[in-house]
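**Student:** Sequence and computational prediction follow.
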2 protein chains.
Amino acid sequence: MTIGRPKQFNPDVALQKATYLFWQKGYEATSTTDLMKAMGLSKSSLYQTFGSKKQLFEQCVAYYGADNVTLLKKMQQEHSSPLQFLIGLFRFAIDPERNPETHLGCMMVNSACELAEVDDFKPKIRYQMDKTHSLIQESVEEAQKIGEITGQLSAKEIADYIFANLCGLRVIGRMNNNQKTLNNIIDMTFSTII
Amino acid sequence: MTIGRPKQFNPDVALQKATYLFWQKGYEATSTTDLMKAMGLSKSSLYQTFGSKKQLFEQCVAYYGADNVTLLKKMQQEHSSPLQFLIGLFRFAIDPERNPETHLGCMMVNSACELAEVDDFKPKIRYQMDKTHSLIQESVEEAQKIGEITGQLSAKEIADYIFANLCGLRVIGRMNNNQKTLNNIIDMTFSTII
């Protein structure tokens, strides 16, 4: 039973729009007015549903993180092997044709660079990054089991290296979208571990 | 000959303080009031000497870039070989004992992540990043000449890979300062090219 006037908006859609805005502009550059406009909400609806700008950002970090995990799990299923998934993940990250937001980089990498000194945000950003790291590590373990990736190093060590390189690629991709350069970095990254 | 009242402050010191503040907080989170306080300047002195916040930031990007080149050239001379310099550069980037600002990451990586969508800033950030890339590429070439680094790939390709990994390491280092993890990433990065 709904009491009072029903909400005139879909909170999920509003959250998605806020997430995209924070991803585009960063936390600090995004004003409450920008958010109200993008989400199509009055200030009171925004605050009533999502709390402060800080609280809304934390919900956006979680939204982006969950969306990312869904995408990675879908990609895991689409690829023929765990190694092909890992390489595919890197190729997808730099390919503007398949991934139109590639020029925005990764919202978690951007947030880590903008907000690592903000104690309230740091663990929340790290939590989402750790989820991606875990998915990578699982795939490394599977790839090691079937001999696709070297067993000379632990899955954690290899995942640390792959994840750091993915972060680096997202930074470079924001400054330089030369596909030959970016694909060469990917080739070199994987040549160490195959 | 000095006409009028001499300046009561050293512009280089003021610029250094502004650079450190932008590095710590990012561009957007740094207010004019923060800058006035850190630089010990009135609003009119700040604007008269450095122009707008935007113009001051551009001068800070150039200041940080020049400082970085000086540091890298010093490190090149201190190391026994070009490969040892490159490895030393990575080790220095993550070592909080020798480099107390390691937790702040690299101001250019942070700025790339925060400001790549800002057309006025992007080329200025990229220009400074390209200078570091050039210094890395020169050392790769020298290392190839003396057989320290593989000649199977071009110096540019290897420099692209090294530079991307250095950027990744700076991102990871902001979230996780586990020295074992970070040093392992460095070891794996270099194992491909030696």
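**Tutor:** Happy to help now that I have it.
**Student:** check contacts around A:L182.
**Tutor:** A:I94, A:L169, A:I172, A:G173, A:N176 (CB atoms under 8 Å, 6 or more residues apart in numbering or on different chains). From N, CA and C alone the C-beta is placed, and that goes for glycine too.
**Student:** now A:Y27: how far from chain B?
**Tutor:** Relative to chain B, A:Y27 is positioned 8 Å away (CB to the nearest CB, to the nearest Å).
**Student:** surely A:S45 meets A:F9?
**Tutor:** Yes: between A:S45 and A:F9 there is a contact under CB atoms under 8 Å: 7.1 Å.
**Student:** out of the two, which sits in the more crowded spot?
**Tutor:** A:S45 (17 against 12; other CB atoms under 10 Å in any protein chain shown).
**Student:** Show me what the host helix or strand of that one is packed up against.
**Tutor:** Following DSSP states H and E, one finds A:S45 within helix A:43-50. Applying 3 or more CB pairs under 8 Å, 6 or more residues apart in numbering or on different chains; DSSP states H and E, one finds that helix A:43-50 contacts helix A:11-25, helix A:32-39, helix A:53-78.
**Student:** Out of these, which is closest to chain B?
**Tutor:** helix A:11-25 (6.4 Å; CB to the nearest CB).
**Student:** Touching that closest one from outside, list them.
**Tutor:** By CB under 8 Å, 6+ apart, the list of residues contacting helix A:11-25 reads A:30, A:34-35, A:38-41, A:49-50, A:56-57, A:59-60, A:63-64, A:67, A:101, A:104, A:107, A:110, B:117.
**Student:** So what's the model's average confidence on that helix?
**Tutor:** Averaging pLDDT along helix A:11-25 gives 96.
**Student:** starting at the chain centroid, how far to that helix?
**Tutor:** 13 Å (CA atoms, centre = their mean, to the nearest Å).
**Student:** Just the CA atoms of it, as PDB, please.
**Tutor:** Output in PDB follows, covering the C-alpha atoms of helix A:11-25 (Å, rounded to 0.1, in the frame of the first residue of the first chain):
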ATOM      1  CA  PRO A  11      14.900   6.300  -8.400                       C
ATOM      2  CA  ASP A  12      17.000   3.800 -10.400                       C
ATOM      3  CA  VAL A  13      17.000   6.000 -13.500                       C
ATOM      4  CA  ALA A  14      17.800   9.100 -11.400                       C
ATOM      5  CA  LEU A  15      20.700   7.200  -9.700                       C
ATOM      6  CA  GLN A  16      22.000   6.100 -13.100                       C
ATOM      7  CA  LYS A  17      21.900   9.700 -14.400                       C
ATOM      8  CA  ALA A  18      23.700  11.000 -11.300                       C
ATOM      9  CA  THR A  19      26.300   8.300 -11.700                       C
ATOM     10  CA  TYR A  20      27.000   9.300 -15.300                       C
ATOM     11  CA  LEU A  21      27.400  12.900 -14.300                       C
ATOM     12  CA  PHE A  22      29.800  12.200 -11.500                       C
ATOM     13  CA  TRP A  23      31.700   9.900 -13.900                       C
ATOM     14  CA  GLN A  24      31.900  12.700 -16.500                       C
ATOM     15  CA  LYS A  25      32.800  15.600 -14.300                       C
END
